[in-house]
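> pasting a predicted model and its sequence here:
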Amino acid sequence: MRNLWIIAKRELHGYFTTPMAFVFIAIFVAMTGAFTFYIGRFFDRGQASLETFFSFHPWLYLLLVPAVAMRLWSEERKSGTIEQLLTLPITTTDAVLGKFLAAWLFCGIALVSTFPIWVTVSYLGDPDHGVIGLSYIGSFLMAGAFLSIGACMSALTRNQIIAFIAAAAVCFVFTMSGLDLVLNFFRTWAPLFLVDVIAASSFLVRFESVTRGVIEFRDVVFFLSMMAFWLFATTVAVDAKKAA
Amino acid sequence: METMVELDGLSKHFGPFVAVDGINLKVSKGEVLGFLGQNGAGKSTTMRMVAGFLTPTSGTAKVCGHDVATDPVQVKSLLGYMAEGSPSYEDMTVRAFLTFIAEVRGLSGLAAQVRIEDVVTKIKLEDVIDRPIDVLSKGYKRRVGLAQAILHDPPVLILDEPTDGLDPNQKHHVRTLIEDMAAEKAIIVSTHILEEVEAVCTRAVIIGNGKLLADGTSEELLRYLPEHNAIHIVVAPEVAFEAATNLQRAANISDVTQVIREDGATEIRCAPNNGADILDAVGTVLRDNAIPYSQLFKNRGDLDSVFRQITAGGPTDA
């Protein structure tokens, strides 16, 4: 646990020594704003809620979270620092969780940086702050799930571009899996229960209820188990490279 | 002597390629073991397995009695390891990087600061301590790698080409550091600079195609050469024939050859039987026959020749 935090601290420090962190946060904040005000027609709706703001998060994450995740392991492997990291007296799990935690906290910082929109909506009207708070938590959990997929893809290759594209593709499948686009592909041949499982593992469907302020226990469990699964897969991938 | 590192049948296959093929080796406290081999011979792969970065295909590697396969964290905490090219987090300053290593190694607060100061002084990193690693010269980067390896004062040190890319003064400095630490630790140093072996190592092994080909002190390795301990005598051409004939009869001399030198003198080379010391025998022959000579010297041979002889026929590239 102690090691995990030391790794996370170093990693987080790494984000902020380059302009990358600031560029990312600036773009994230700008894009959430642009989506909400222009595409989401925030003002025309005349509602004091951030439902439109949150409804764009899955799509933003689809693009931006793989960009954060792609460097997690690929860069270490490419620059050779992975040899330094994995010969320190820590377990692979420490390293995997520590690096993930740093990236997740970083996403959290980006998410928190969107607070002016909360201030704006409070100034203009009287929103349900509980709903907004819960939506932020839900969004943070979803970012973690996206990130864990990206971490796993990054552990599989030393090429960051491949890691990015693979992560975006897998994330896309999980985002869309509740929609007919994906489900029709499975309906033709897969048994009904499998189609149900796929439909149930859609980030979009899970997150939809969250944006309305309904955060169910099973949704929390869903996002947490996604993270657990993909991070376990990351550990397996990192160890497998040692044995290759 | 206390055995610190023990490799038993250690092997590593990458698909069909056998990188390391059943290496058995013991290194004791107080030893500085030179790890020699051509590029691609399996030196780095072997070291990476001991350091826990690669999992052996078969065989075991133990550090202070702990098996790296079953007890990796314990092994890693007993080990100081500097990887080839000493990769470190280049966006960090030297101080931040060493503080990170100290924390992971279980040092914190004042103890960590004292230890970092100590190592930084020893390795002469004071001038660059607050600079980011990526702007440092190769020599400094290598020293940062060395600093992180010895930060926790480990009983076992594994250094993969620690002097690669350093200038002669820096090389000398690194060798001095290794010598200073030698008594308290077991140290394994890989290199393909053979003068280094004579300079710092108490023992050397030669690896080729993943196999252990030779193991001994540099003196023992030199005995692989037929010309080791040969005596060369330079005489005038008039007495060359007489000298050679008499030398041929002396005990322990296996072969006598004559070479005409550029200056017209003749050089007689006497090769010994099994590297025996034939200096006295040659001296006696020259005295008894009153043969005048202008030079007489012993040829120890050099490790480069040993290395070439032992690894000849192996692959020439990685």
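Done, it's in. Please read all numbers here as calculations on a predicted model, not as lab measurements. Numbers count the residues shown, from 1 in each chain, chains lettered A, B, ... in the order given.

> neighbouring strands for the helix or strand containing B:Thr257, and are they parallel or not?
Taking DSSP states H and E as the criterion, the element that holds B:Thr257 is strand B:253-260. In the sheet, strand B:253-260 lines up against strand B:266-272 (antiparallel) (DSSP bridges).

> ok, then the element right after the partner strand?
Trace forward from strand B:266-272 with DSSP H and E and the next one is helix B:279-288.

> quick revisit: could you give the average pLDDT over the strand holding B:Thr257?
When pLDDT is averaged over strand B:253-260, the result is 85.

> just the element for the residue nearest the centre of chain B, please.
With distances taken as C-alpha atoms, centre = their mean, B:Gly34 lies nearest the centre of chain B, 2.6 Å away. In this structure, B:Gly34 sits in strand B:32-37 according to DSSP H and E.

> so where does A:Leu72 fall, helix or strand?
Mapping A:Leu72 onto the secondary structure by DSSP H and E places it in helix A:71-79.

> get me the contact residues on chain A for chain B.
Among all residues of chain A, those adjacent to chain B (criterion: C-beta under 8 Å from any C-beta of the partner chain) are A:3, A:6-7, A:10, A:13-14, A:17-18, A:79-81, A:83-84, A:86-91, A:239, A:242-244. Glycine gets a C-beta too; all of them are placed from N, C-alpha and C.

> do you know how far the residue of chain B most remote from its centre is from B:Val259?
When distances are taken from the C-alpha mean of chain B, B:Glu238 lies farthest, 45.2 Å away, according to C-alpha atoms, centre = their mean. If you measure B:Glu238 against B:Val259 using C-beta to C-beta, to the nearest Å, the figure is 16 Å.

> same deal with B:Val20?
Taking C-beta to C-beta as the measure, B:Val20 falls 43 Å from B:Val259.

> B:Cys64 now?
Using C-beta to C-beta, we find B:Cys64 at a distance of 53 Å from B:Val259.

> of these two, who's got more company?
Set side by side, B:Cys64 and B:Val259 show unequal neighbour counts under other C-beta atoms under 10 Å in any protein chain shown, the larger going to B:Cys64 at 18 against 12.

> that one contacts B:Ser28, doesn't it?
No: applying C-beta atoms under 8 Å, one finds B:Cys64 not in contact with B:Ser28, separated by 11.4 Å.

> shared neighbours, the two?
B:Met4 (C-beta atoms under 8 Å, 6 or more residues apart in numbering or on different chains).

> hang on, B:Tyr81 is in a helix, isn't it?
No: assigned with DSSP: H, G, I helix; E, B strand; the rest coil, B:Tyr81 falls outside any helix and is strand.

> for burial, what's the neighbour tally of it?
A count of neighbours around B:Tyr81, defined by other C-beta under 10 Å, yields 25.

> give me the neighbour count for residue 99.
Defaulting to chain A. 29.

> hmm, I had chain B in mind actually
20.

> next up, the contacts around it.
For B:Thr99, the contact set (C-beta under 8 Å, 6+ apart) comprises B:112, B:116.

> over to A:Thr114?
A:28-29, A:32-33, A:53.

> check B:Thr257 too.
Applying C-beta under 8 Å, 6+ apart as the definition, the contact partners of B:Thr257 turn out to be B:268-269, B:271.

> out of these, who's nearest A:Leu62?
Distances from A:Leu62 to the contacts of B:Thr257, taken as C-beta to C-beta, are shortest for B:Ala271 (76.3 Å).

> hang on, isn't the closest one packed against B:Leu225?
No: using C-beta under 8 Å, B:Ala271 is not in contact with B:Leu225; the gap is 9.8 Å.

> tell me the SS of the residue most central in space within chain A?
Geometric centre of chain A, nearest residue: A:Ala143, 2.4 Å, by C-alpha atoms, centre = their mean. Of the three states, A:Ala143 takes helix under three-state DSSP.

> show the pLDDT at it.
A:Ala143 is assigned a pLDDT of 95 by the prediction.

> for it, give its distance to A:Ala103.
With the distance defined as C-beta to C-beta, A:Ala143 ends up 9 Å from A:Ala103.

> swap in B:Ala244?
78 Å.

> more neighbours: which of these two?
Remark: of B:Ala244 and A:Ala103, A:Ala103 carries more neighbours, 26 against 18, as counted by other C-beta under 10 Å.

> pretty sure the more buried one contacts A:Leu72?
Yes: under the contact definition of C-beta under 8 Å, A:Ala103 touches A:Leu72, with a separation of 6.1 Å.

> quickly list what's touching both of these two.
Taking C-beta under 8 Å, 6+ apart as the contact criterion, the common neighbours of A:Ala103 and A:Leu72 are A:Ala151.

> before we move on, what SS does residue 197 have?
Because you didn't say which chain, this covers chain A. Assignment for A:Val197 (three-state DSSP): helix.

> count the neighbours of it for me.
A:Val197 has 13 nearby residues by other C-beta under 10 Å.

> repeat that for A:Ser209.
Counted with other C-beta under 10 Å, residues neighbouring A:Ser209 total 13.

> and it, what does it touch?
A:215-216, A:219.

> lowest pLDDT pick from those?
Confidence by pLDDT is poorest for A:Ile215 among the contacts of A:Ser209, given 79.

> look up the closest residue to that one, ignoring the ones flanking it.
In space, and not counting its chain neighbours, A:Ile215 is closest to A:Leu134: 4.7 Å by C-beta to C-beta, 6 or more residues apart in numbering or on different chains.

> that neighbour contacts A:Gly213, correct?
Yes: at 5.4 Å, A:Leu134 counts as touching A:Gly213 under the criterion of C-beta under 8 Å.

> returning to what we had before: what helix or strand is the nearest residue to the residue nearest to the centre of chain A once chain neighbours are set aside on?
If the residues on either side of it in the chain are set aside, A:Ala143 comes closest to A:Cys107, at 4.3 Å by C-beta to C-beta, 6+ apart. Secondary structure assigned from DSSP H and E places A:Cys107 in helix A:92-112.

> then stretch A:173-189 to CSV, C-alphas only?
Written as CSV, here are the backbone C-alpha positions of stretch A:173-189 (Å, rounded to 0.1, in the frame of the first residue of the first chain):
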residue,chain,number,x,y,z
VAL,A,173,-17.2,-1.3,-28.0
PHE,A,174,-18.0,-1.0,-24.3
THR,A,175,-19.5,2.4,-24.7
MET,A,176,-21.8,1.4,-27.5
SER,A,177,-22.6,-2.2,-26.5
GLY,A,178,-26.1,-1.2,-25.3
LEU,A,179,-27.0,0.1,-28.8
ASP,A,180,-28.4,-1.9,-31.7
LEU,A,181,-25.2,-1.2,-33.7
VAL,A,182,-23.3,-3.6,-31.5
LEU,A,183,-26.2,-5.8,-30.3
ASN,A,184,-27.5,-6.7,-33.7
PHE,A,185,-24.1,-8.1,-34.6
PHE,A,186,-24.4,-10.5,-31.6
ARG,A,187,-28.1,-11.2,-31.9
THR,A,188,-27.7,-13.1,-35.1
TRP,A,189,-25.7,-15.9,-33.5
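
> what residues does that stretch touch?
Contacts with stretch A:173-189, where a contact means C-beta under 8 Å, 6+ apart, come from A:58-59, A:62, A:145, A:149, A:194-195, A:198-205, A:226.

> now flag whichever of these is closest to B:Ile253.
A:Ile149 (75.7 Å).

> ignoring the adjacent residues along the chain, who's closest to A:Phe42?
Among residues not flanking A:Phe42 along the chain, A:Thr36 sits closest, at 5.0 Å (C-beta to C-beta, 6+ apart).
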